[in-house]
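Visitor: here are the coordinates; sequence isn't available:
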């Protein structure tokens, strides 16, 4: 039986841009436990999305190894679902047809596929919109459909690449709660990358802070807070500040931070006790 455990050992990724080498990731050692909700936070350009693509099997690491339940990740798999920042729904297909695309390579029968699609549409709260087209959906509804497509195979692992980044604050908060409920109900291992510190603390069992250039794990925080979490809880606010402080330190260690001294004032604003902000 598959459990959904992901392990990365010494993972690195290098690119060449205009003939010059670029180290996107370096020395990533990380284990995501079966059924864990792990969040990864970092500034733009720290390699979060590259890391997720490597775990998904959409890209290959230059060095190191990635395993899923002890088996090497050598390419995409139905056992690892993926949700992007944009819903990426096909405009000429209905909600049900878009969700069913997640089962295109599944060996199950047509009847089983129809039941799976209906179940996932109900799970994300889109019952009654099965025959709606993407242009008839709000942004939050479209992202629900994308999550349903990622879950329709009942994957062991769901990978989420800033899935709520383009949504307004109220819709984002509501979908964060719904995602937690889905996670608790299905016990799917979830790995979410984001640049929003509050989101990372609100959703994660652990929060990984990445530093940029090269992308690497700087530190990690356990989140010993009960779910559903209270954003006004002083313990929540204290942990959020600790993560923000760690993230601010990683930014100041980079050449980019040295070249743009105004970032120091940005972090001073972020961490000011009278005006905490969570998104970098």
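Guide: Yep, it's here. Note that the structure is a prediction, hence the values are computed from the model and not measured.
Visitor: Residue 10: how many residues sit nearby?
Guide: Residue crowding around residue 10 was assessed by other CB atoms under 10 Å; the count is 12. All C-beta atoms are positioned from the backbone trio N, CA, C, and that covers glycine.
Visitor: go on, residue 137?
Guide: Residue crowding around residue 137 was assessed by other CB under 10 Å; the count is 18.
Visitor: same thing with residue 22?
Guide: For residue 22, the tally of surrounding residues (other CB under 10 Å) stands at 12.
Visitor: That one contacts residue 45, doesn't it?
Guide: No. Under the contact definition of CB atoms under 8 Å, residue 22 does not touch residue 45, with a separation of 10.4 Å.
Visitor: where's the closest residue to residue 6 other than its chain neighbours relative to residue 20, distance?
Guide: Using CB to CB, 6 or more residues apart in numbering and skipping residues adjacent in sequence, the residue nearest residue 6 is residue 32, 4.1 Å away. Counting by CB to CB, to the nearest Å, the gap between residue 32 and residue 20 amounts to 33 Å.
Visitor: what about the helices in the stretch 101-250 of the chain?
Guide: 110-123, 139-151, 169-186, 197-203, 234-252 (DSSP state H, counting those that start in this stretch).
Visitor: what's the angle between the first one and helix 169-186?
Guide: Here helix 110-123 points in a direction 130 degrees away from that of helix 169-186 (axes from the mean of the first three to the mean of the last three CA atoms, to 10 degrees).
Visitor: Show me where this structure dips below the pLDDT cut-off.
Guide: Screening the chain residue by residue with the criterion pLDDT under 70, one finds the ranges 1-2, 251-280.
Visitor: Let's see that with 80 instead.
Guide: Counting by pLDDT under 80, the chain shows low-confidence ranges at 1-2, 19, 105, 249-280.
Visitor: At which residues are the strands of the protein located?
Guide: Taking DSSP state E as the test, the strands found in the chain are 6-17, 20-32, 37-41, 63-68, 71-72, 80-83, 157-161, 189-194, 206-211, 216-222.
Visitor: related to what we said a few turns ago, show me which of residue 32 and residue 20 is the more surrounded one.
Guide: Per other CB under 10 Å, whichever of residue 32 and residue 20 has more neighbours is residue 32, with 23 against 7.
Visitor: just to revisit the earlier point, please produce a markdown table containing the strands of the chain, extended by distance to residue 142.
Guide: As requested, the strands of the chain are arranged in a markdown table below (distance: least, CB to CB, whole Å):
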| stretch | distance to residue 142 |
| --- | --- |
| strand 6-17 | 27 |
| strand 20-32 | 27 |
| strand 37-41 | 22 |
| strand 63-68 | 28 |
| strand 71-72 | 33 |
| strand 80-83 | 11 |
| strand 157-161 | 15 |
| strand 189-194 | 18 |
| strand 206-211 | 27 |
| strand 216-222 | 32 |
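Visitor: Specify the stretch among those that is closest to residue 136.
Guide: strand 80-83 (20.5 Å; CB to CB).
Visitor: Partner strands of that closest one and their direction?
Guide: Each strand paired with strand 80-83, and its direction, by DSSP bridges: strand 157-161 (parallel).
Visitor: Buried residues of the strand it pairs with, list them for me.
Guide: By neighbour count, and taking 16 or more other CB atoms under 10 Å as the criterion, the buried residues in strand 157-161 are 157-161.
Visitor: for stretch 172-185, same thing?
Guide: Under 16+ other CB under 10 Å, the buried positions of stretch 172-185 are 172-173, 175-176, 178-180, 182-183.
Visitor: will you turn those residues into CSV that also has distance to residue 96?
Guide: Output for those, formatted as CSV (distance: CB to CB, whole Å):
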residue, distance to residue 96
172, 25
173, 27
175, 20
176, 25
178, 19
179, 21
180, 25
182, 18
183, 23
